[in-house]
Each structure stands twice: as C-alpha cells, then as structure tokens.
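> I'd like to go over a predicted model; first the sequence, then the structure.
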Amino acid sequence: MKVFYAEEQKRHDPKFFLSSGGRQPNPEQPERVERLLEGARAAGLTVARPIEHGLGPISAIHTPEYLDFLKRIYQRWQHIEGASEEVIPNIHPIARTGTYPASAVGQAGYHMADTSCPISVETWDSACWSAWSAVSAADAVMAGESASYALCRPPGHHAFRDVAGGFCFFNNSAIAAQRLRRSAERVAIIDVDLHHGNGTQGVFYERADVLTVSIHADPVRFYPFFWGHADERGEGLGLGYNFNLPLARKSNDAAYLEALSAALRRVEAFSPDAVVIALGLDAFEKDPFGGLSVSTPGFALIGEAIARLGRPAVIVQEGGYLCDELGDNLTSFLNGYGSKAR
Ligand SMILES: [Zn+2]
C-alpha cells in the first residue's frame, strides 16, 4: 500500500479557534503530519508525492463560487482595516436563501460554518495538495492497487459543497469517492472519525450511487450538533443511502465494533465496487476531544473488520489530534487492515 502526501500540505498553520466561546490553540496542527507519516512508515508503507491534478476533480464536488472565494479571500481580507490576520467569520446567514453578499466579511460568513477553519496565506495550496493526495490515492486503486492511503491534511469530512467547517476546506473523502465513480458504479464511504461526517453526508444526501455511513459520538451534545442523528436517512433518490450510527459518549471498543458491524452489514447490502474509508483517529480514548474510548488495539480490529469486505479501498485521513499514540493508532489500523485485505 502506498501513502500519498505532499510537503505543501504542512504549510497551513491555523492559530486558534473558539471552543464554547473561549479562544483556544487550534488543534489541527502541522505536527500531526509528522506523527502520521511515522505511523504509516511503521506499518511498512512508502510515501509517494501526488500528481498536481488541477481544479477538475475538486470542482466535481465544490462549487466554482466557493473555489473562487477560497482562492482569493486571504488577499481580500488583508485590505480590511482592523481585520484579523487569518480569515475568521463573525456573521452567518440563518438561512442560505438570501442575497449572496459582495463583501469579504459577508462571504466569509456564507462559506464558513464556524471559527475552527481560519484561512491563512498557505491554506489554499495546502488544501489543494490535500485533495490531490486523495485523487492520486483513488487513481492508484483504479489502476489495480487493492488499497491506498491518502495522508490528507487539512482534513475534509466537515466541508460541504460550498462551506468550510471543523478544520476542513475541501472534502477529500467525497473527492476520492467521486473520482472512483469513473470506474466504480457504486461507492460506499465509511466514516469512522469521532465526529459525524456532516459535509460528506451533505454532498451525497440526494444520491443513490454513493452510500454514506458514519459512526460517531452522538451529536445531541457534540459537534456538529445539527447533523449526524439516526433519523437522517437521505432525501429524494438518496433516501435510504445515508446511515448514521451515533454512539454514547465514552463508548469503548466493544460498543464501537458492534456499531461497525451494523454499518458494514449495510455496506455489504449496497455491494459497492469500491469503498472510501474516512479514517479519523480521534475516537481514541486519549484524543484531546475525549468523545469516545477506542483503544490502540481497537483500531486494528476496526481495520480488520473493514478489510473483510474485500473491496478496493481508498483510506483518507480525517481527524485525530496530537497525543503520544497518534502515530501508533494509524500503524494499528493499517496493520489490522493489511492482515485481512485480499
Ligand atoms: Zn473528528
């Protein structure tokens, strides 16, 4: 299995975010990359640089209006007197049916869901390379590899078609799934991040060709609050093609694996030609977010269970924050996956 990663992905360096109104250091730190690379190498994987794919595969998911905003907003923001260095929104439309604003402040509120995705001078490039890592990983699978790993950073699963949020700018898992659709009739996305993959759900909510399944801490009292509940099943053609499995806070390996087995039964019923694994490692018991209690050996069991599907897989890095075991948890997942992969 190959790792896809480009050095440019490390340059995005957000300084802070608001948590319950308090100013906190932003946990989506460049150092995550070092730990994850170490973890991948410890599992015997070799690192390859992705190809520069241009905006085509990104605009297959994100709107041109959003891409134009994201590319130019940092420079525009610098002309606002008294503005912060990083682009951080402070006003949001309560509904998205009003007029699209011309101003940088209005557009930031329109295109950014929360304060946790500050945009700095390096963000655009880092986000593009992160997406291109996902595209290259999908291409490797379409060329015959049984699995590949995209070390995507910044992460992606909270990004909607035209909204950034939760440390995410481009939805790398959605971009990989759409790329796989070139040769796969049906693709399933299995999201094991601590947080609900609300952006991914939003992108495919009315589609039947991409099944979205997410296991996460119950959003009734946890980010992203407004999405991730069990009664969200898709709409229109997509009704029945979205499956949420919210778990009680601090759920352990046993509870997690039980939910995973229900998730995988649904994936098997869909019979996908390929899968995308949205691999967050923040369900870990000592992750700073503290939402669930998966252990390091637990990640190996999660990897084994998903590998038993026997489908070509693109593994896309999502969350998982700085703690001593971050790299070990990736190694554990990849070794578990590799031990059962065909
Ligand atoms: Zn997460």
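Arrived safely, thanks for sending. Numbers count the residues shown, from 1 in each chain.

> pLDDT wise, what is the nearest residue to residue 182 once chain neighbours are set aside at?
Spatial nearest neighbour of residue 182, excluding adjacent residues (C-beta to C-beta, 6 or more residues apart in numbering): residue 142 at 6.6 Å. Every residue, glycine included, has its C-beta placed from N, CA and C. What the model reports as pLDDT for residue 142 is 98.

> can you report how many residues neighbour residue 142?
Residues lying near residue 142 (other C-beta atoms under 10 Å) number 17.

> for it, give me its contacts.
179-180, 182-184 (C-beta atoms under 8 Å, 6 or more residues apart in numbering).

> how about the residues of this protein near the ion?
193-195, 280, 282, 319 (C-beta under 5 Å from the ion).

> tabulate these (JSON lines), appending secondary structure, pLDDT and neighbour count.
JSON lines is the format used below for those (DSSP: H, G, I helix; E, B strand; the rest coil; pLDDT from 0 to 100; neighbours: other C-beta atoms under 10 Å):
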{"residue": "193", "secondary structure": "coil", "pLDDT": "98", "neighbour count": "27"}
{"residue": "194", "secondary structure": "coil", "pLDDT": "98", "neighbour count": "25"}
{"residue": "195", "secondary structure": "coil", "pLDDT": "98", "neighbour count": "27"}
{"residue": "280", "secondary structure": "coil", "pLDDT": "98", "neighbour count": "25"}
{"residue": "282", "secondary structure": "coil", "pLDDT": "98", "neighbour count": "26"}
{"residue": "319", "secondary structure": "coil", "pLDDT": "98", "neighbour count": "27"}
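
> of those residues, just say which sits nearest to residue 336.
Using C-beta to C-beta, residue 280 comes nearest to residue 336 of the residues of the chain next to the ion, at 15.5 Å.

> next, the buried residues of the longest helix anywhere in the chain.
Longest helix in the chain, counting residues (DSSP state H): helix 123-142. Across helix 123-142, burial judged by 16 or more other C-beta atoms under 10 Å covers 123-124, 126-142.

> how about the stretch 101-250 of the chain: which residue is closest to the ion?
residue 195 (3.7 Å; C-beta to the ion).

> then the stretch 201-342 of the chain?
residue 319 (2.9 Å).

> so that residue makes contact with residue 280?
Yes - counting by C-beta atoms under 8 Å, residue 280 is a contact partner of residue 319 at 3.9 Å.

> now do the SS call for the residue sitting furthest away from the middle of the chain.
No residue in the chain sits farther from the centre than residue 81, which is 34.0 Å out by C-alpha atoms, centre = their mean. Following DSSP: H, G, I helix; E, B strand; the rest coil, we place residue 81 in the coil state.

> give the pairing partners of the very next helix or strand once past the longest helix of the chain; include direction for each.
Going down the chain from helix 123-142, the next helix or strand is strand 147-150, by DSSP states H and E. With DSSP bridges as the test, strand 147-150 is paired with strand 2-4 (parallel), strand 313-317 (parallel).

> shared neighbours of residue 319 and residue 280, which are they?
Counting by C-beta under 8 Å, 6+ apart, the residues touching both residue 319 and residue 280 are 155, 193-195.

> any buried residues in stretch 159-170, and which?
Residues 159-160, 162-170 are the ones in stretch 159-170 that count as buried (16+ other C-beta under 10 Å).

> in a markdown table: these, plus distance to residue 291 and pLDDT.
As requested, the buried residues of stretch 159-170 are exported to a markdown table (distance: C-beta to C-beta, whole Å; pLDDT from 0 to 100):
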| residue | distance to residue 291 | pLDDT |
| --- | --- | --- |
| 159 | 20 | 98 |
| 160 | 22 | 98 |
| 162 | 27 | 98 |
| 163 | 22 | 98 |
| 164 | 21 | 98 |
| 165 | 17 | 97 |
| 166 | 13 | 97 |
| 167 | 15 | 98 |
| 168 | 17 | 98 |
| 169 | 22 | 98 |
| 170 | 24 | 99 |
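
> let's have the residues you listed in CSV, adding distance to residue 90 and secondary structure.
Below are the buried residues of stretch 159-170 laid out as CSV (distance: C-beta to C-beta, whole Å; DSSP: H, G, I helix; E, B strand; the rest coil):
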residue, distance to residue 90, secondary structure
159, 20, coil
160, 20, coil
162, 19, coil
163, 16, coil
164, 15, strand
165, 15, strand
166, 17, coil
167, 18, coil
168, 19, strand
169, 19, coil
170, 23, coil
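
> pick out the most distant pair among those.
162 and 167 (17.1 Å).

> now do the helices in the stretch 101-250 of the chain.
104-111, 123-142, 172-180, 198-204 (DSSP state H, counting those that start in this stretch).
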